[in-house]
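Q: Quick one, fold the following:
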Amino acid sequence: MAALLLLLPAGAASTARTTAEHAGAPVAQGQEELTKSIGFYVGRNLTEDGSTLLGGFGHEPSSHWLEIVPRRHFPEGATTTVGVTEEAGFPGVLTEIPQARRTSRYITSNYSEFAGFPAPLTNGGLNEHGVAARDVWSPSSDRLLQLTEKPQTGPNYSDLARIAMERARTAREAVEIIGALIDEHGYSTYGGNSHLFADENEGWVFVNYGGSQNLWAAERLGPDEVRVSFPGYLNPFPLDYENRPGEYLASDNFVDFAVERGWFAPEGKDVFDPQAVYAGWQPDDRQVTPTHPWGNNVQSELESELRTELGPVSLADLLAYVRDPRWSHDRSGYGHVAQLGNAGRPELNALWTAVTGAVATPYVPVYIGAEDVPPEYKQHRYLTSDAASSHVAADYAPLEATRYATRTFKRLMYHTCEHPRTFLRPVTAEIEKFEQRLLREQPRVERQALRWFRAGHDDKARALLTGQVERRLLDALDLGEDLAREVEDRTRERFGIRMPTGRNLPGETYRAESQSMNRGEGLSGPANDIVHCYREGIDDYPREHGSYRGLAGTLLPKGG
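A: Model prediction:
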C-alpha cells in the first residue's frame, strides 16, 4: 500500500491545559508548553509483512544527535546517576542507583536540553534484542501532582527509557524493569509520562504518574491492536487485573491509594479507570495548541486511520505517518520507525531514523551491527545549551567543522514550511524517492551481511553494515543540502525572504534582532508561532493514494 500523508481539517478545538497548569507550580524556563511527543504501535497481524511496527518522536527544541551506544561492562557496585535538579519545574535532587553489570547495545537520538533534566536525554530507541521504546507525555491530574515531594527523587523519564534500552530483552521485561525501579527508588516527574514498548510479538503501554506516590500501570497491546499515544493513555482496568498478569501490570498500591484518598469506591464496580482517577482527562478531547496546530488528544481517530485506511500497514506507510505535517514540525526532534520481526541476527535490527523533524528529513535505516555514524550526525553546538557563551573547545573543533545534518534539515524545513502549498509536496516527493531506493536495497544488504555472519566473518559483516549506514546517511545529507538550496533559490525568486515582523513597533523599545529571535520574547504575528507545514485545506490537493512520489523530479530534475 502506498504511503499515506493525510492532512485533515482541524475541526473543533479546545484550549489545551499545559502540564504546568495542571501542577499549579512555577514553570522552569523552557517548560512553558509540555505537550510532548507522539507514538504509534501497529501489531504484527495488521502489518503488510507480519512485523510489529513502532514509530514516533519526541518534542524538544534542543540539539539532537544520533548515537549507537555499545555494550558496556561495569564493575560490581557501580551506580548510575538519576533524577532531576532544583532547576526542574518540579524541583528534585540527583541520586545514585545500582547500574547493571552488563548493558545492551542500542540506537537512540539523544538531545541536550530540558530544564533540570541532566543531558544527554533520550526517549528510547531500539536495542540489540529487538526491543523498541517510545517515550510520550501523559499528564497527571492536579490533585495528584499537588502531592509531589519537594524535592522529589528517583529516575526521570529519560533515565527509565535509557535503562529499558540497556537491560530489556522483551517489551514485557522493559515494563517489569522500570516498574521495579519506580517501586524501589521512586519517580521524578515533569507532570506525568508514558512509554510505548514493543518487540516482534507484542507491545505494552506504561504510564508513570506524577505525585511521588510511585504509581504506575501498564497494559498489553496484542498483535491485532493499534495504539496511538498522543498523549499516552490507559484503557479501564478490570478490578481483578492482578489475576491477569499477561494483560496488565501495576504498582501494588495502584487501586488502594485511590481508595484511601477517597478518589475511588470499588463497591459495585467491575473496572478501575486510570484516566478518570489519576489523569483527570480522557482520550479524544481534541486540543489545539501552538505546538499542535492540527490538534492532539485525537487517539481513536488516528487509530482508526491506521487500522482501516492504511491497513495492512507497510513500513513505508508508517514512515510517512510519522512524517505527517499534522504533528511533524519544528518541535519534532527526530523521527523513528522500528520494524520488529525475525531479522536473522541481532545485528540486523534497524531503526529507521530521521535526524530531525521527518516532515522535511529522509529516514535512513541504522543497523545495530553498525559500529558508528558519521560525524555530521553527532552532536554539534547548534541548539546546544550555552553554545553562545564561549568559543568552541579546541578538542571539539574538527567535529564542529563538519556539516551538521540537523542544521541542514532545519533549513529545509523552514523554507518548505514558509510556503507549504508550493513546496511541501515536491520536497516530500524527493524524500520519498530517496527512501524507496533504500527500501529496495535493504534486503540485498541484509542478505549479504547474514551470509558473512553465518560464515563466521563477523568483522566483514559489521564493516558492511557500518559502510552502508555511513554512505546512506551522507547521501541523505547531500539530498538535504540540494533541496534546501533549490527551495531557497525558488523562494527568493517567487516570494523573497520574509523578514521578522513585530520589531520596533510604535511605543516599543528597540531590541536588537539577535536578542529577539526566540519564541515568546515579544514578537507578534506569524513569526511568533511554531514553524509547521500544516495548513487547513492543503489536504484538498489531488494526490494518488496519499503518496507524493509521482512528483519527484519537479525540484531536482537531474535527481539531485
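
Q: what's near enough to touch the spatially most central residue of the chain?
A: A centroid search over the chain (C-alpha atoms, centre = their mean) returns F57, at 1.7 Å, as the residue closest to the centre. Shown in contact with F57 (C-beta atoms under 8 Å, 6 or more residues apart in numbering): 37-38, 123, 322, 328, 332-336, 357-358. Any C-beta I mention is one placed from the backbone N, CA and C, and that applies to glycine too.

Q: Now do it against H185, distance only.
A: Applying C-beta to C-beta, to the nearest Å, the value for F57 to H185 is 28 Å.

Q: do the same with V337
A: In terms of C-beta to C-beta, V337 sits 32 Å off from H185.

Q: So what's the residue count around the nearest residue to Y367 once chain neighbours are set aside?
A: Leaving aside its chain neighbours, Y367 sits nearest to L465 (4.4 Å; criterion: C-beta to C-beta, 6 or more residues apart in numbering). By other C-beta atoms under 10 Å, the residues close to L465 number 25.

Q: Could you do the one 3 residues further on as well?
A: Here the number of neighbours of Q468 (other C-beta under 10 Å) works out to 24.

Q: Looks like it contacts G369 (just checking).
A: No. Q468 is not in contact with G369 according to C-beta atoms under 8 Å; the separation is 9.9 Å.

Q: the helices in the chain, which residues?
A: 19-23, 142-145, 157-167, 171-185, 256-261, 274, 299-304, 315-323, 397-401, 405-418, 420-454, 458-494 (DSSP state H).

Q: what about P238, how many residues close to it?
A: Around P238 there are 13 residues (other C-beta under 10 Å).

Q: Name the nearest residue to it, sequence neighbours excluded.
A: Distances taken as C-beta to C-beta, 6+ apart place V271 nearest to P238, at 5.7 Å, with adjacent residues excluded.

Q: quick one: the one you found and P236 touch, right?
A: Yes. Applying C-beta under 8 Å, one finds V271 in contact with P236, separated by 4.2 Å.

Q: Looking at the two, which is more packed in?
A: For V271 versus P236, neighbours defined as other C-beta under 10 Å are more numerous around P236 (16 against 12).

Q: who's in contact with the more buried one?
A: Residues in contact with P236 (C-beta under 8 Å, 6+ apart) are 271-275.

Q: Throw these into TSV and include pLDDT and distance to R444, thanks.
A: Shown next, in TSV, are these (pLDDT from 0 to 100; distance: C-beta to C-beta, whole Å):
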residue	pLDDT	distance to R444
V271	97	51
F272	98	51
D273	98	50
P274	98	47
Q275	98	47
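
Q: Out of those, which comes closest to P155?
A: Closest to P155 out of those is P274 (20.7 Å), distances taken as C-beta to C-beta.

Q: can you pull the contacts of that closest one?
A: Contacts of P274 by C-beta under 8 Å, 6+ apart are 207, 217, 234, 236-237, 254.

Q: from the residues you listed, which ones fall inside strands?
A: Among the contacts of P274, the members found in strands (DSSP state E) are 207, 217, 237.

Q: tell me the pLDDT at the last one?
A: According to the prediction, F237 has pLDDT 97.

Q: Find the residue closest to it in space, skipping its chain neighbours.
A: Using C-beta to C-beta, 6+ apart, the closest residue to F237 is F272 (4.8 Å).

Q: any idea how far that neighbour lies from P238?
A: In this view, F272 and P238 are 8 Å apart by C-beta to C-beta.

Q: Next: E488.
A: Distance from E488 to P238, by C-beta to C-beta: 57 Å.

Q: circling back: could you save the contacts of F57 as TSV and add columns showing distance to R381 and pLDDT?
A: Formatted as TSV, the contacts of F57 follow (distance: C-beta to C-beta, whole Å; pLDDT from 0 to 100):
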residue	distance to R381	pLDDT
S37	25	93
I38	28	96
N123	22	96
V322	27	96
S328	25	94
S332	21	93
G333	17	94
Y334	18	97
G335	23	97
H336	24	98
G357	19	96
A358	23	96
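
Q: Mind checking which of those residues are in strands?
A: Counting by DSSP E, the contacts of F57 place 38, 335-336 in strands.

Q: Of those, which is the nearest to P443?
A: Nearest to P443 out of the ones in strands among the contacts of F57 is H336 (C-beta to C-beta; 21.1 Å).

Q: got the contact list for that closest one?
A: 54-57, 109, 124-126, 132, 134, 322, 351-354.

Q: Show me what it is bridged to.
A: G56, T353 (DSSP bridges).

Q: I'd like to know which helix or strand in the protein has the lowest mean pLDDT.
A: Across the helices and strands of the chain, mean confidence by mean pLDDT, DSSP states H and E is lowest for helix 19-23: a mean of 31.

Q: ok, the closest residue to L555 other than its chain neighbours - contacts?
A: Nearest residue to L555 in three dimensions, chain neighbours excluded: P426, at 4.6 Å (C-beta to C-beta, 6+ apart). By C-beta under 8 Å, 6+ apart, the residues touching P426 are 548, 551-552, 554-555.

Q: Top of the residues you listed by number of neighbours, please.
A: Y548 (24 neighbours).

Q: what's the pLDDT at that residue?
A: Reported pLDDT for Y548: 67.

Q: all strands for the stretch 1-150 of the chain, in order.
A: 38-42, 52-57, 64-69, 72-73, 79-82, 95-98, 102-103, 106-111, 121-122, 125-127, 132-137 (DSSP state E, counting those that start in this stretch).

Q: which other helices and strands contact the fifth one?
A: Packed against strand 79-82, as judged by 3 or more C-beta pairs under 8 Å, 6 or more residues apart in numbering; DSSP states H and E, are the following elements: strand 95-98, helix 157-167.

Q: for the shortest one, what is the average pLDDT?
A: The predicted model gives strand 95-98 an average pLDDT of 98.

Q: Describe which strands it pairs with in its sheet and in which direction.
A: Sheet pairing of strand 95-98 (DSSP bridges) gives strand 79-82 (antiparallel).

Q: hmm, who's touching the strand it pairs with?
A: 94-99, 118, 154-156, 159, 163, 185, 188.

Q: Just give me how far it sits from the chain centre.
A: With C-alpha atoms, centre = their mean, to the nearest Å as the basis, strand 79-82 stands 24 Å off its chain's centre.

Q: how close does G39 get to Y321?
A: Applying C-beta to C-beta, the value for G39 to Y321 is 11 Å.

Q: Sorry, slip of the keys, the one I care about is P443.
A: Counting by C-beta to C-beta - P443 and Y321 are separated by 22 Å.

Q: who's more crowded, these two?
A: Neighbour tally, P443 and Y321, criterion other C-beta under 10 Å: the higher count belongs to Y321, 30 against 9.

Q: Verify the stated contact: the more buried one with L310.
A: Yes. Under the criterion of C-beta under 8 Å, Y321 makes contact with L310 at 7.2 Å.

Q: Turn the contacts of F57 into TSV, including distance to P139.
A: TSV is the format used below for the contacts of F57 (distance: C-beta to C-beta, whole Å):
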residue	distance to P139
S37	12
I38	15
N123	17
V322	22
S328	22
S332	19
G333	20
Y334	23
G335	24
H336	23
G357	23
A358	25
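
Q: so which of the residues you listed would you say is closest to A388?
A: Nearest to A388 among the contacts of F57: G333, at 20.4 Å, using C-beta to C-beta.

Q: quick one, what contacts the closest one?
A: Applying C-beta under 8 Å, 6+ apart to G333 gives the contacts 57-60, 62, 64, 109, 111, 123, 356-357.
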